[in-house]
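Engineer: I'd like to go over a predicted model; first the sequence, then the structure.
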Amino acid sequence: MTKKEIAIKIADETGIKQIVVKEVVQRTINAMIEALAKGETLELRNFGVFKVKERKARTGRNPRTGETVAVPPKKVVTFKPGLVMKQSVK
């Protein structure tokens with residue numbers, strides 16, 4: 001499902017103009033990205049929790065040459081689904 005499909009579905013269910021819904025959806029996503037960029041935890045009840053975790057530096061291997069390469073530390077976003085989501089997807 002795409003962002004546009006989400007906006008269309010919400011617009012159909014609520015009677016609000018699609019362009020307005022699309023703007024609200026985009027602003028919601030922007031707010032989520034902003035919070036995660038600051039390192040904050042984002043919790044959406046019954047949906048799940050997004051967290052920013054830092055991966056440690058490690059040694060990797062180039063599969064083509066077999067050469068050992070250093071992989072620097074980096075931040076990644078993780079997601080843990082909420083209870084209602086887990087039960088719905090089952």
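Structural biologist: Nice, thanks for sending it over. Numbering: from 1, shown residues only.

Engineer: who touches the lengthiest helix in the chain?
Structural biologist: Across the chain, the longest stretch assigned as helix under DSSP state H is helix 18-37. With contacts defined as Cβ atoms under 8 Å, 6 or more residues apart in numbering, helix 18-37 is touched by 3-4, 6-8, 10-11, 14, 42, 50, 52, 77. Using the backbone N, CA and C atoms, a C-beta is placed for each residue, glycine as well.

Engineer: in the protein, what residue sits furthest out from the centroid?
Structural biologist: If you look at how far each residue of the chain sits from its centre, by Cα atoms, centre = their mean, the farthest one is residue 65, at 33.8 Å.

Engineer: can you confirm that one is in a strand?
Structural biologist: No: using DSSP: H, G, I helix; E, B strand; the rest coil, the secondary structure at residue 65 is coil, not a strand.

Engineer: quick one: list the elements packing against the helix or strand that comes right after the longest helix of the chain.
Structural biologist: Next helix or strand after helix 18-37 toward the C-terminus (DSSP states H and E): strand 42-44. Packing partners of strand 42-44 (3 or more Cβ pairs under 8 Å, 6 or more residues apart in numbering; DSSP states H and E): helix 18-37, strand 48-55.
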